[in-house]
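Chemist: From the sequence below, what's the structure:
(chains A and B)
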Amino acid sequence: MNTPAEVLVVGASAAGLATVEALRRRGYTDGVTLLGAETHPPYDRPPLSKQVLAGAWAPDRVRLRQEDALDALDVRVVLGDPAVSLDAGKRVVRTASGRLLRSDVVVLATGVRPRTFPGQDGLAGVHVLRTLDDCLALREDLRPGTRLVVVGDGVLGAEVAATARAAGHDVTLTGPQAAPLEAQLGPLVAGLLRRTHADNGVRLRLGRAVTGLVAREGRITGVALEGGEEIPAEVVLVALGSVPNTDWLAGSGLDLTGGVRCDSRCRAADGVYAVGDVAHWFHEGLGVGMRLENRTNATEQAGVVAQNILGADRPYTPVPYFWTDQFDARLQVHGLPPRDAEVTVEDGELGSRGFVAVYRREGRPVGVLGWNMPKQARRLRQRLLGPPPARTAPTAVDTGQPAVAPTSA
Amino acid sequence: MKVSVDEDKCCGAGSCVLAAPDVFDQRDEDGVVVLLNAEPPAELHDAVREAADVCPAAAITLRTAP
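Modeler: Okay, here's the model as predicted:
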């Protein structure tokens, strides 16, 4: 493939920015446009549920690159103008303000938005957390002693519960699982996390789904649990997972089942790629199609997409990774451990302040977890789960070996 | 090239060590980044740029040496 004369990246968050940076790092000097729906310059989302919500960081500290670094990229940045349609064949994107942006390659990096309850929009006291503005609105609503109910026992819900509790609020964490992050950590380690929350004074109402929100005169008053019980609330965070932002691609001809469907090269169509939370691609190493919503995926996938735009033919085969900070626990999770994996502790002691656990399936390592032992976990990951996907010095030779052995599932 | 790191932002992923092990390491006790060489030689610049770009906490800043 010839090098494109113009690349348009739709989505100005971590994945979009990383794609631009990777293109430039690889010597691409032609035109690049970065189009964003939000008015803020590219910023980082993980601190929104931690340092920014806690008030420990000023909001502008999440900015991903300072002005001089963005200038050095020589990229045309268009903010506050969401894309509304794509002609995939002609690679023309239309924006809300009526711009028509033509390019040789389009990169779709429009991310996800929070899943919500029907009717929650406009209800006072109910929040989601995805954007910086969401974060500041939630922070504003959390006054001393506020009774917060978090709906959702995944990473975001558990992090917000921990941050708000550490700030002194009355916090209840609800969700259908027996313990927070059980799907990601398995029952053993998730049980330790549940204990951490309980020890720090979070009220846990786990194991029952929230069936709806209760409101009076346009303001939230509680959440209803399966079985009819109601938990009173002054503020509610709805953290029920996310939906890929693909509505604007309806009519583009792309397959949008579960995200922007891509091949193993993260290519959705000729000259159209997807990257980050929105991209559903085929992981050749694991032998399955998947979509990952984590911060590291945004940059690692961007590196591979940039190479493929410039003529490489690389499959994207990452070792999935995320971290989470909750109270005094910093967890690092490498790989995708299934719930029923065997867990062995290989450093430290389970339930102590720090340990490393290895998850195995049929004797083969499929995940490494560090609990306050990041370096030790990273070393085990290197030994057991293989190298990262994009060892991408321009001269690097791709061995074609999958980073993770295929699973039998 | 001058490299600086923000220990407060670092999440301990170790991505920088995977990308540029001659320039970055992690503290044993909490995994926070340790900068081994703030002015790495030219042959390491590509790896360091990659480390800065892939850092999931945006904790690495590069400046061109004057």
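Chemist: The residue of chain A most remote from its centre and residue A:124, how far apart?
Modeler: Computed with C-alpha atoms, centre = their mean, the residue of chain A farthest from its C-alpha average is residue A:217, at 34.5 Å. Relative to residue A:124, residue A:217 is positioned 9 Å away (C-beta to C-beta, to the nearest Å). Placement of C-beta: from N, CA and C, glycine included.
Chemist: Now the lengthiest helix in chain B: buried residues?
Modeler: Scanning chain B for the longest helix, with DSSP state H as the assignment, gives helix B:45-54. For helix B:45-54, a neighbour-count test (16 or more other C-beta atoms under 10 Å in any protein chain shown) marks B:46-54 as buried.
Chemist: can you tell me which of those residues are up against chain A?
Modeler: With C-beta under 8 Å from any C-beta of the partner chain as the criterion, these include B:46-47, B:49-50, B:53-54 near chain A.
Chemist: What parts of chain B come near chain A?
Modeler: Within chain B, the positions adjacent to chain A are B:9, B:11-15, B:17-19, B:26-28, B:30-32, B:46-47, B:49-50, B:53-58 by C-beta under 8 Å from any C-beta.
Chemist: out of those residues, which are inside strands?
Modeler: Within the residues of chain B next to chain A, membership in strands is found for residue B:26, as judged by DSSP state E.
Chemist: just to revisit the earlier point, pick the one among the buried residues of helix B:45-54 closest to residue A:10.
Modeler: Closest approach to residue A:10 among the buried residues of helix B:45-54 (C-beta to C-beta): residue B:53, at 19.6 Å.
Chemist: Now do the same for that closest one: its pLDDT.
Modeler: With respect to pLDDT, residue B:53 has a value of 87.
Chemist: Verify the contact between it and residue A:19 for me.
Modeler: No. Contact criterion C-beta atoms under 8 Å: residue B:53 and residue A:19 do not qualify, at 10.2 Å.
Chemist: for the closest residue to chain A within chain B, what are its contacts?
Modeler: Relative to chain A, the nearest point of chain B is residue B:31 (2.5 Å; C-beta to the nearest C-beta). Shown in contact with residue B:31 (C-beta atoms under 8 Å, 6 or more residues apart in numbering or on different chains): A:330, A:332, A:370, A:373-375, A:377-378, B:10, B:12, B:14.
Chemist: mind running it again at 6 Å?
Modeler: Taking C-beta atoms under 6 Å, 6 or more residues apart in numbering or on different chains, we find residue B:31 in contact with A:374-375, B:12.
Chemist: And residue A:351, by the same measure?
Modeler: Residue A:351 makes contacts with residue A:192, as judged by C-beta under 6 Å, 6+ apart.
Chemist: How many residues are close by residue 60?
Modeler: I'll assume chain A. For residue A:60, the count of nearby residues is 12 (other C-beta atoms under 10 Å in any protein chain shown).
Chemist: Wait, chain B was what I had in mind.
Modeler: Neighbourhood size, residue B:60 [other C-beta under 10 Å]: 26.
Chemist: In contact with residue 62: list those residues for me.
Modeler: All of this refers to chain A. Residue A:62 makes contact with A:43-44, A:47 under the criterion C-beta under 6 Å, 6+ apart.
Chemist: right idea, wrong chain: chain B
Modeler: Residues near residue B:62 by C-beta under 6 Å, 6+ apart: B:1, B:3, B:52.
Chemist: tell me which element it falls in.
Modeler: Assigning secondary structure by DSSP states H and E places residue B:62 in strand B:60-63.
Chemist: For stretch A:87-100, which residues meet the burial criterion?
Modeler: Neighbour-count burial for stretch A:87-100, with 16+ other C-beta under 10 Å as criterion, is recorded at A:88, A:91, A:93, A:95.
Chemist: Would you list the buried entries among the residues of chain B next to chain A?
Modeler: Neighbour counting with 16+ other C-beta under 10 Å marks B:9, B:11-15, B:17-19, B:26, B:31-32, B:46-47, B:49-50, B:53-58 as buried within the residues of chain B next to chain A.
Chemist: Secondary structure element holding residue A:160?
Modeler: helix A:155-166.
Chemist: burial measure for the closest residue to residue B:64 other than its chain neighbours, as a count.
Modeler: Nearest in space to residue B:64, with sequence neighbours left out and distances taken as C-beta to C-beta, 6 or more residues apart in numbering or on different chains, is residue B:1 at 6.4 Å. Using other C-beta under 10 Å, residue B:1 has 17 other residues around it.
Chemist: With residue A:236 instead?
Modeler: The local packing of residue A:236 (other C-beta under 10 Å) involves 30 other residues.
Chemist: So which bits of the stretch 201-350 of chain A are right by chain B?
Modeler: Contacts of the stretch 201-350 of chain A with chain B, taken as C-beta under 6 Å from any C-beta of the partner chain, map to A:295-296, A:299, A:323.
Chemist: Please identify which pair of these lies farthest apart.
Modeler: Across those, no pair lies farther apart than A:299 and A:323, at 13.8 Å, counting by C-beta to C-beta.
Chemist: where does chain B have low pLDDT?
Modeler: Low-confidence segments of chain B (pLDDT under 70): B:65-66.
Chemist: wait, the stretch 101-250 of chain A
Modeler: The stretch 101-250 of chain A contains no residues with pLDDT under 70.
Chemist: Neighbours of the residue of chain A found nearest chain B, how many?
Modeler: In chain A, the residue that lies nearest chain B is residue A:374 (2.5 Å; C-beta to the nearest C-beta). Counted with other C-beta under 10 Å, the neighbours of residue A:374 add up to 28.
Chemist: now do residue A:342
Modeler: The criterion is other C-beta under 10 Å. On that basis, residue A:342 has 14 neighbouring residues.
Chemist: still on that earlier bit, would you mind giving the buried residues of stretch A:87-100 as JSON lines with distance to residue A:229 and pLDDT added?
Modeler: As requested, those are exported to JSON lines (distance: C-beta to C-beta, whole Å; pLDDT from 0 to 100):
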{"residue": "A:88", "distance to residue A:229": "49", "pLDDT": "96"}
{"residue": "A:91", "distance to residue A:229": "53", "pLDDT": "97"}
{"residue": "A:93", "distance to residue A:229": "48", "pLDDT": "98"}
{"residue": "A:95", "distance to residue A:229": "47", "pLDDT": "98"}
